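Visitor: Kindly generate the corresponding structure for this input.
(chains A and B)
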Amino acid sequence: MEEGSIEDGEKMSRETEVAPALIAIHPLEKSVVVAVGSELRIFDLQGDWSITLLGEDSGGPFHTDAIRAVCFGANGRVFASAGDDKLVKIWNTESWQCTRTVSSEKRVSAVAISHNGAFLTFADKFGVVWVVDLERDDEKAAPLLAHYCSIITSLDFSPDGQFIASADRDFKIRITVFPKKPLDGAHEIQSFCLGHTDFVSCFAFVHTSEYPQGFLLSGGGDSTVRLWDFISGTLLDTCEVGAQAELVESNGEECPHVVTDICPSSDGSLVAVAIQSLHGVMLMCCNFSARTLSVSKVVTVGESFVPTSLGMSCSAEHLWMVTGASNLPNSGPLAHVRVVSLCQKGLDPTVMEDGAVPGGKKLLEKLQGSSTLAKHGDALVAAAEAVKMAMRNLLIKREYSTEKRELRKKSRNDRKLKQIL
Amino acid sequence: MEDQKNNSGRLPRKRFYRARAHSNPLSDSHFPVPLTPSHVDYSLHYPYFFPSDQDTADDNGDVAGVSQAPIPICNSKIRFVDVGCGFGGLLVSLATLFPDTLMIGMELRDKVTEYVKERILALRVANPGQYQNISVDRTNSMKYIPNYFSKGQLSKMFFLFPDPHFKEKNHRRRVISPHLLDEYAYTLEAGGIIYTITDVEELGDWMRSCLEGHPLFEAVVEEDLEKDPVVKLLTSATEEGQKVARNGGQTYRAVYKRIAPQAVDENSEVKLVSMD
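Guide: Presented below is the predicted three-dimensional model:
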């Protein structure tokens, strides 16, 4: 009987496997991309029109399963998308043509493009990071590095391009020297950033002109945002976001304040943080000389808007937020976009009205699938809850009681044999 | 703190610590893992060298029944690791060969770890002042090496008679693999040595080719191997090694040295030579 319930639980977790909606902003705010489910929705802000994707000449043009990672690379010249269909696609951001499709052996959980646009890296669900030479046409990806059988949640290059960072569900962030010949593998580990007490869900590099090397910011299931000297792996500061978020939300419920996305401005002056318990976004400030981190403001959005992904262009005029999920029992894919205006220094950041966002109603129609979808509070709550559950199922280590663990062992093959004998 | 039976100083008997020969390194762990290398509790592993505050407060000076003041040793960090230490034969031999070096065994099977713990405690009681520099922890070395040791901390790593994992599907469970060697290279100091040995020819070939193909490792030349007292212990000290010898089996050994990264500049070559 008990066994049955365990199996049910596992089946359930497969059914409730939803992917959060993602957003990516062109560094010069030329375009905005929202990924929801297998769909890429692109709006060209420069030309003020919706983009219709053109596929490759050969093979299936689009993703066929949930997209898990998107990013612009090489100053916005290229865009990469990847996910559960084990495909990594490279897009030319002028023509929005898919220029390359790379197959992965496993589902892809993160992508990053080197600053010079020469290499694409992506991580699979078994903890292997692969590298593809974008300047050569052979399609094979070569293994670059690996976290031992752990899901890699985030992947990126350091500001100077010297290092590649990878974070996993085993509380680790690994900083590896990105070699001159990455196809031969990246074998020299610079440091491990250890200190998170639960899975690491996201990280981002911050740097200024005075501190070009920069620091690393990371967030995770332990309700903290941490500041690292990633060269030595030293933890510089820890910001408990739970207390700060509760001040605003105070719903009295005990829930972990999982940090889901970190998005710094390119000048390092501002860091936006998305937290699963916060209907809005937390703005943080990193003091580079004192090596500290502090919360400067919490911007609430209301309407049950818990952002699943954040984006900012180089100018840091707007903070783009999306919430939604790949599939919901009643409504299918759902994405909802809001924008926070950051442009006026001195003035408080404010959430823009739908009509006032760059691209206006036309943009929202494209990215959300409808400009008026907005006030479906219930659907948004359901989406936020589904995304939260999916993330828990994926990244949290289940704690079983001793009895339950013994019970699970009974289904082990060697024990079964013994019982028969 | 310690179990009653340790005070007798009698060695534990293996028959009470029977365990399956294999353990799945991929499964989620349900044992405590140190958050960082500085969280490894040395006072728990080496109470003789690192008396905890409690011990000193109790005026329990004769922790090991020798002297009041613990003898400080030059190297305060763990320097040798026996990965998959099994029943601890190598550690026990090394303990007296390098009495000033701290070493630890890592073992995934909890019952086996318990045996080694008891064995060390018994040896400590029976031989006052000795075996204080070895300890064991139950952990998954394939996942948590960076949680135990900082960059360049180790001078020797041992991988003796590891699980062969014959099926190709399970090769990723092998403890020597191209990707895991990156982590071992990270924890080893330049010049540090990795010792591997197996009685399975296929695995021997695999371990050698992994090490040979890795840019941060270089084979230790034969004459250095002959001078190294540790090399002889690889077959004679471990339980597995003795078993192979009893059955007249063959062993396949690969001993490699951690070298400084090449290609940084030409000077690194010079540095390497001068280090020997």
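Visitor: Does residue B:164 touch residue B:203 like I think?
Guide: Yes. Using CB atoms under 8 Å, residue B:164 makes contact with residue B:203 at a distance of 4.4 Å. All C-beta atoms are positioned from the backbone trio N, CA, C, and that covers glycine.
Visitor: who has more neighbours, those two?
Guide: residue B:203 (22 against 19; other CB atoms under 10 Å in any protein chain shown).
Visitor: what packs against the helix or strand hosting that one?
Guide: If you go by DSSP states H and E, residue B:203 is part of helix B:201-213. For helix B:201-213, the packing partners by 3 or more CB pairs under 8 Å, 6 or more residues apart in numbering or on different chains; DSSP states H and E come out as helix B:178-187, strand B:188-198, strand B:217-219, strand B:252-258.
Visitor: Chain A is nearest to which of the ones you listed?
Guide: Proximity to chain A (CB to the nearest CB) singles out helix B:178-187 among these, at 3.6 Å.
Visitor: list the helices and strands the closest one packs on?
Guide: Here helix B:178-187 touches strand A:142-146, strand A:189-194, helix B:141-148, strand B:154-160, helix B:201-213, going by 3+ CB pairs under 8 Å, 6+ apart.
Visitor: just to revisit the earlier point, show me the common contact partners of residue B:164 and residue B:203, please.
Guide: Jointly contacting residue B:164 and residue B:203 under the rule CB atoms under 8 Å, 6 or more residues apart in numbering or on different chains are residue B:174.
Visitor: What ranges does the chain have for its helices?
Guide: Because you didn't say which chain, this covers chain A. For chain A, the helices defined by DSSP state H cover A:2-15, A:241-249, A:360-368, A:377-395, A:402-410, A:413-420.
Visitor: you looked at the wrong chain, it should be chain B
Guide: For chain B, applying DSSP H gives helices covering B:42-45, B:53-57, B:89-97, B:110-126, B:141-148, B:178-187, B:201-213, B:222-227, B:229-236, B:239-246, B:267-275.
Visitor: For the ones you listed, give me TSV that also has distance to residue A:52 and mean pLDDT.
Guide: Putting the helices of chain B into TSV (distance: least, CB to CB, whole Å; pLDDT from 0 to 100) gives the following:
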stretch	distance to residue A:52	mean pLDDT
helix B:42-45	63	92
helix B:53-57	69	54
helix B:89-97	66	95
helix B:110-126	59	93
helix B:141-148	46	94
helix B:178-187	41	96
helix B:201-213	47	95
helix B:222-227	67	94
helix B:229-236	65	92
helix B:239-246	64	86
helix B:267-275	54	41
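Visitor: what about the ones you listed, which gets the closest to residue A:283?
Guide: Closest to residue A:283 of these is helix B:141-148 (CB to CB; 32.5 Å).
Visitor: by how many degrees do that closest one and strand A:189-194 diverge?
Guide: 80 degrees (axes from the mean of the first three to the mean of the last three CA atoms, to 10 degrees).
Visitor: Report all helices and strands that helix B:141-148 contacts.
Guide: With contacts defined as 3+ CB pairs under 8 Å, 6+ apart, helix B:141-148 has these neighbours: strand A:189-194, strand B:78-83, strand B:102-107, helix B:178-187.
Visitor: what's in contact with it?
Guide: Contacts of helix B:141-148 (CB under 8 Å, 6+ apart): A:148-150, A:170, A:172, A:174, A:192, A:194, B:25, B:29, B:33-37, B:39-40, B:78, B:81, B:83-84, B:104, B:106, B:108, B:137, B:139, B:173, B:175, B:180, B:183-184, B:186-187.
Visitor: quick one: contacts for residue 89?
Guide: No chain in the question, so chain A it is. Contacts for residue A:89 (CB under 8 Å, 6+ apart) come out as A:63, A:80-82, A:98, A:100-102.
Visitor: Chain B, not that one
Guide: Contact analysis of residue B:89 by CB under 8 Å, 6+ apart lists B:237-239, B:241-242.
Visitor: Please report how far residue B:86 lies from chain A.
Guide: 20 Å (CB to the nearest CB, to the nearest Å).
Visitor: State the number of residues packed around that residue.
Guide: The number of residues packed near residue B:86 is 23, by other CB under 10 Å.
Visitor: Do you know the pLDDT at it?
Guide: Looking at residue B:86, its pLDDT stands at 90.
Visitor: That one against residue B:112, yeah?
Guide: Yes. Taking contacts as CB under 8 Å, residue B:86 lies within contact range of residue B:112: 6.3 Å.
Visitor: Kindly confirm whether my reading is correct that residue B:207 touches residue B:201.
Guide: No. Using CB under 8 Å, residue B:207 is not in contact with residue B:201, being 10.9 Å away.
Visitor: got the phi/psi numbers for the nearest residue to residue A:127 once chain neighbours are set aside?
Guide: Closest residue to residue A:127 apart from its sequence neighbours, by CB to CB, 6 or more residues apart in numbering or on different chains: residue A:147 at 3.9 Å. Residue A:147 adopts backbone torsions of phi -100, psi 130, taken as degrees, to the nearest 10.
Visitor: what's the spacing between residue A:147 and residue A:67?
Guide: Here residue A:147 is placed at a distance of 22 Å from residue A:67 (CB to CB, to the nearest Å).
Visitor: Of those two, give the one with the bigger neighbour count.
Guide: When neighbours are counted by other CB under 10 Å, residue A:67 comes out ahead of the other of residue A:147 and residue A:67, with 27 against 24.
Visitor: residues contacting that one?
Guide: Contact analysis of residue A:67 by CB under 8 Å, 6+ apart lists A:19, A:22, A:35-40, A:81-84.
Visitor: so what's the residue of the stretch 51-200 of chain A found nearest chain B scoring on pLDDT?
Guide: Nearest residue of the stretch 51-200 of chain A to chain B: residue A:146, at 3.6 Å (CB to the nearest CB). Note on residue A:146: pLDDT of 95.
Visitor: Run through the residues that contact the spatially closest residue to it that is not a sequence neighbour.
Guide: Closest residue to residue A:146 in three dimensions, ignoring its sequence neighbours and counting by CB to CB, 6+ apart: residue B:179, at 3.6 Å. Residues in contact with residue B:179 (CB under 8 Å, 6+ apart) are A:128, A:143, A:145-146, A:148.
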